[in-house]
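Enquirer: With the sequence up front, the predicted model follows.
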Amino acid sequence: MAPRTALRRSLLPVLIAVVIAAGSSVATSALGPGATRPASTVTSPSIAHATTPLSWTTPAPVGPPSIASRPGLARLTLALPPPIKSPAIDRTRPTPKPQPARATPRPPKHVSITVGSVFKGRNHVWMPSLGINRSVSWYACGTPQAPGLGVYRWGCAGANNVYLLAHAYAAFKGLHDAYVGGRLRKGMLATYADGSGRVRTYAVVWWRLTTPDNGAFAYAAQSRPSMTLQTCVGSRNQYRLIVRLVAVG
């Protein structure tokens, strides 16, 4: 019995090796010609033991964090505007040529009027070239109160002298600005309608500055129908601008 037992023990390793070899050849034939066996996914105990876990104290990567790592920013989606479509060009029509800019016609230097037909009214004065279109109030000679903001006919003037006065910042601002700006010209026309409705046109013949106490020449009587305009000039209104006009119709 002992020799048989020893024989079995000696044959057992050989049989195990044959079985393993047979299984390996079957598996290789199942994969097909030229196929290779997949690498084993089992980690060797010695390699697994050598791997060291990542420490929590490992420094973070250097660089700006991604948008996904910043709370809230990942949810901010900006809606882009729709693409702008260029209008279709109709190449069948000729492209219009740009037209040269037309020069704006200059207004006439003087306004041509017909006495008695264009201007009608009572106690009114018009001077279109200076933008004056005002009613006229009476200002008696010796009135203690200063005139208001309108145009006044002064009662101290002599015969043939329609004397109109007004403030430079009010009704006669156009007259003041024309003198200061060098736009006052001889021949400028003014039309006056008196209390009875008679309309007469006058033209500028001269002007000068004077002081308030030296203006007798301004309101003196005239030998021909005339009109005198008075307003203030100067940083302290210390001068008087006197403009003389004579009747032309």
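Expert: Structure's in. What do you need?

Enquirer: Quick one: residues contacting Ala166.
Expert: By C-beta atoms under 8 Å, 6 or more residues apart in numbering, the contact set of Ala166 is Arg134, Pro147, Leu149, Gly150, Val151, Tyr152, Phe172, Leu175, Gln230, Thr231. Every residue, glycine included, has its C-beta placed from N, CA and C.

Enquirer: ok, what's across the strand from the first one?
Expert: Legend: beta-bridge partners of Arg134 under DSSP bridges are Val125.

Enquirer: what's around it, how many residues?
Expert: By other C-beta atoms under 10 Å, the residues close to Arg134 number 19.

Enquirer: Quick check: it touching Lys173?
Expert: No. Using C-beta atoms under 8 Å, Arg134 is not in contact with Lys173, being 10.9 Å away.

Enquirer: still on that earlier bit, Throw the contacts of Ala166 into TSV and include secondary structure, thanks.
Expert: Listed next are the contacts of Ala166 as TSV, based on DSSP: H, G, I helix; E, B strand; the rest coil:
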residue	secondary structure
Arg134	strand
Pro147	coil
Leu149	coil
Gly150	coil
Val151	strand
Tyr152	strand
Phe172	coil
Leu175	helix
Gln230	strand
Thr231	strand
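
Enquirer: for those, which one is nearest Gly158?
Expert: Nearest to Gly158 among those: Gln230, at 14.4 Å, using C-beta to C-beta.

Enquirer: Identify the spatial nearest neighbour of the closest one, chain neighbours not counted.
Expert: Leu165 (4.2 Å; C-beta to C-beta, 6 or more residues apart in numbering).

Enquirer: In terms of pLDDT, where does that neighbour sit?
Expert: What the model reports for Leu165 is a pLDDT of 96.

Enquirer: Then Arg240?
Expert: At Arg240, the model reports a pLDDT of 96.
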